[in-house]
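Asker: Let me see the structure of the following:
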Amino acid sequence: MIQFCRIDDRLIHGQVVTTWVNTYQIEQIIILNDKIAGDKMQQNILKMSAPQGINVRAFGVAKFAEIAANNPITRRTMLLFTTSNDVLKLIESGLKIDALNVGGMRYQEGRERLTKTVAVTPDEKASFKKLLDLGVDIQIQMVPKDEKIKLGEVI
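Answerer: Got it, this is the predicted structure:
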(Lines give C-alpha, C1' and ligand atoms only; values in the text may rest on other atoms or scores of the structure.)
Protein backbone atom coordinates (compact mmCIF):
# COMPACT_ATOMS: atom_id res chain seq x y z
CA MET A 1 0.00 0.00 0.00
CA ILE A 2 1.17 3.49 -0.77
CA GLN A 3 2.02 5.15 2.55
CA PHE A 4 3.79 8.30 1.42
CA CYS A 5 4.30 10.29 -1.79
CA ARG A 6 7.13 12.81 -2.05
CA ILE A 7 8.77 15.12 -4.56
CA ASP A 8 12.48 15.61 -3.96
CA ASP A 9 14.80 16.40 -6.86
CA ARG A 10 17.68 14.71 -5.01
CA LEU A 11 15.57 11.54 -4.61
CA ILE A 12 17.24 9.23 -2.06
CA HIS A 13 19.67 11.08 0.16
CA GLY A 14 20.94 10.96 3.72
CA GLN A 15 18.90 11.65 6.78
CA VAL A 16 15.95 13.10 4.87
CA VAL A 17 14.86 9.79 3.38
CA THR A 18 15.82 7.87 6.50
CA THR A 19 13.49 9.99 8.65
CA TRP A 20 10.56 9.55 6.25
CA VAL A 21 11.25 5.80 5.90
CA ASN A 22 11.18 5.43 9.69
CA THR A 23 8.13 7.69 10.16
CA TYR A 24 6.03 5.66 7.72
CA GLN A 25 7.75 2.27 8.29
CA ILE A 26 8.48 2.08 4.57
CA GLU A 27 9.47 -1.28 3.09
CA GLN A 28 10.07 -0.15 -0.48
CA ILE A 29 10.75 3.05 -2.40
CA ILE A 30 9.47 3.35 -5.94
CA ILE A 31 11.06 6.12 -7.99
CA LEU A 32 8.82 7.36 -10.78
CA ASN A 33 10.88 9.08 -13.42
CA ASP A 34 11.21 8.14 -17.09
CA LYS A 35 14.90 9.13 -17.34
CA ILE A 36 15.98 7.19 -14.23
CA ALA A 37 13.89 4.19 -15.29
CA GLY A 38 16.19 3.87 -18.32
CA ASP A 39 19.48 4.46 -16.47
CA LYS A 40 20.74 1.31 -14.72
CA MET A 41 23.82 3.06 -13.28
CA GLN A 42 21.70 5.78 -11.64
CA GLN A 43 19.34 3.08 -10.30
CA ASN A 44 22.27 1.22 -8.73
CA ILE A 45 23.52 4.42 -7.06
CA LEU A 46 20.03 5.09 -5.67
CA LYS A 47 19.74 1.51 -4.38
CA MET A 48 23.04 1.92 -2.54
CA SER A 49 21.81 5.24 -1.07
CA ALA A 50 18.68 3.68 0.46
CA PRO A 51 18.53 2.55 4.07
CA GLN A 52 19.48 -1.11 4.55
CA GLY A 53 16.60 -3.52 3.95
CA ILE A 54 14.61 -1.12 1.77
CA ASN A 55 13.75 -2.36 -1.70
CA VAL A 56 14.26 0.34 -4.38
CA ARG A 57 12.70 0.17 -7.85
CA ALA A 58 12.48 2.73 -10.67
CA PHE A 59 9.76 2.91 -13.31
CA GLY A 60 8.63 5.26 -16.00
CA VAL A 61 5.41 6.94 -14.93
CA ALA A 62 3.16 5.37 -17.60
CA LYS A 63 4.67 1.90 -17.04
CA PHE A 64 4.09 2.11 -13.28
CA ALA A 65 0.48 3.24 -13.78
CA GLU A 66 -0.06 0.21 -16.01
CA ILE A 67 1.54 -2.17 -13.47
CA ALA A 68 -0.30 -0.65 -10.47
CA ALA A 69 -3.65 -0.95 -12.24
CA ASN A 70 -3.31 -4.74 -12.36
CA ASN A 71 -1.14 -5.51 -9.33
CA PRO A 72 -2.05 -4.33 -5.84
CA ILE A 73 0.87 -2.88 -3.88
CA THR A 74 1.23 -4.99 -0.74
CA ARG A 75 4.42 -3.55 0.81
CA ARG A 76 4.47 -0.26 2.73
CA THR A 77 5.59 1.95 -0.13
CA MET A 78 6.96 5.44 -0.69
CA LEU A 79 6.49 6.90 -4.17
CA LEU A 80 9.31 9.31 -4.95
CA PHE A 81 9.14 11.86 -7.77
CA THR A 82 11.38 14.66 -9.07
CA THR A 83 8.62 16.90 -10.47
CA SER A 84 4.95 17.74 -10.08
CA ASN A 85 4.54 16.94 -13.79
CA ASP A 86 5.17 13.25 -13.10
CA VAL A 87 2.73 13.24 -10.16
CA LEU A 88 0.01 14.75 -12.36
CA LYS A 89 0.78 12.28 -15.15
CA LEU A 90 0.40 9.38 -12.69
CA ILE A 91 -2.93 10.66 -11.33
CA GLU A 92 -4.23 11.29 -14.85
CA SER A 93 -3.29 7.66 -15.60
CA GLY A 94 -5.74 6.54 -12.92
CA LEU A 95 -3.73 6.12 -9.70
CA LYS A 96 -5.29 7.96 -6.76
CA ILE A 97 -3.04 10.06 -4.54
CA ASP A 98 -4.63 11.95 -1.65
CA ALA A 99 -1.56 13.65 -0.19
CA LEU A 100 1.80 14.78 -1.51
CA ASN A 101 4.86 15.92 0.42
CA VAL A 102 7.20 18.33 -1.34
CA GLY A 103 10.79 18.41 -0.15
CA GLY A 104 13.46 19.97 -2.32
CA MET A 105 13.03 21.39 -5.78
CA ARG A 106 16.21 23.42 -6.13
CA TYR A 107 16.33 26.92 -7.52
CA GLN A 108 18.12 27.55 -10.80
CA GLU A 109 17.68 29.96 -13.66
CA GLY A 110 14.18 29.80 -15.14
CA ARG A 111 12.59 28.63 -11.88
CA GLU A 112 10.37 30.68 -9.58
CA ARG A 113 11.13 30.39 -5.89
CA LEU A 114 8.01 29.50 -3.85
CA THR A 115 9.82 28.85 -0.56
CA LYS A 116 13.42 28.48 0.61
CA THR A 117 13.49 24.86 -0.61
CA VAL A 118 10.99 24.82 -3.51
CA ALA A 119 11.40 26.48 -6.90
CA VAL A 120 9.31 25.61 -9.95
CA THR A 121 9.22 26.04 -13.70
CA PRO A 122 6.02 27.52 -15.16
CA ASP A 123 5.07 23.99 -16.29
CA GLU A 124 5.61 22.52 -12.80
CA LYS A 125 3.60 25.37 -11.28
CA ALA A 126 0.70 24.62 -13.65
CA SER A 127 0.89 20.92 -12.70
CA PHE A 128 0.79 21.81 -8.99
CA LYS A 129 -2.29 23.97 -9.58
CA LYS A 130 -4.03 21.09 -11.39
CA LEU A 131 -3.12 18.73 -8.53
CA LEU A 132 -4.62 21.19 -6.02
CA ASP A 133 -7.76 21.46 -8.19
CA LEU A 134 -8.00 17.65 -8.12
CA GLY A 135 -8.07 17.79 -4.32
CA VAL A 136 -4.56 16.54 -3.58
CA ASP A 137 -3.39 17.78 -0.16
CA ILE A 138 0.10 19.18 -0.90
CA GLN A 139 2.43 20.11 1.96
CA ILE A 140 5.99 21.42 1.77
CA GLN A 141 8.12 19.82 4.48
CA MET A 142 11.75 18.71 4.29
CA VAL A 143 11.72 16.41 7.32
CA PRO A 144 8.93 15.32 9.68
CA LYS A 145 9.93 17.69 12.50
CA ASP A 146 9.74 20.77 10.22
CA GLU A 147 6.60 22.88 10.11
CA LYS A 148 4.29 22.03 7.20
CA ILE A 149 3.60 24.74 4.64
CA LYS A 150 0.46 24.33 2.53
CA LEU A 151 1.47 24.65 -1.11
CA GLY A 152 -1.82 26.38 -1.93
CA GLU A 153 -0.77 29.29 0.28
CA VAL A 154 2.51 29.98 -1.54
CA ILE A 155 1.71 29.21 -5.17
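Asker: Farthest from the middle of the protein: give me that residue.
Answerer: Centroid-distance maximum for the chain: E109 at 22.2 Å, with CA atoms, centre = their mean.
Asker: Which secondary structure state is assigned to it?
Answerer: Assigned with DSSP: H, G, I helix; E, B strand; the rest coil, E109 falls in the coil class.
Asker: next one: M142
Answerer: From three-state DSSP, the assignment for M142 is coil.
Asker: The closest residue to it other than its chain neighbours and K40, how far apart?
Answerer: Distance criterion CB to CB, 6 or more residues apart in numbering; nearest residue to M142, sequence neighbours excluded, is G103 at 5.3 Å. Yep, even glycine has a C-beta here, placed from its N, CA and C like the rest. Distance of G103 to K40, computed by CB to CB, to the nearest Å: 25 Å.
Asker: Pull out the buried positions in the helix or strand bottoming out on mean pLDDT in the chain.
Answerer: In the chain, the helix or strand scored least confidently by mean pLDDT, DSSP states H and E is helix 14-24, which has a mean of 88. For helix 14-24, the neighbour count (16 or more other CB atoms under 10 Å) marks 16-18, 20-21, 24 as buried.
Asker: who's in contact with whichever helix or strand comes after it?
Answerer: Where DSSP states H and E defines the elements, the next helix or strand beyond helix 14-24 is strand 28-32. The set of residues external to strand 28-32 that reach it, using CB atoms under 8 Å, 6 or more residues apart in numbering, is 11-12, 17, 21, 37, 43, 46, 50, 54-61, 64, 75-81, 86, 90.
Asker: now do stretch 52-63
Answerer: With CB under 8 Å, 6+ apart as the test, stretch 52-63 has contacts from 12, 21, 26-34, 36-38, 42-43, 46-47, 50, 67, 75, 86, 89-90, 93.
Asker: Cool, thanks, talk later.
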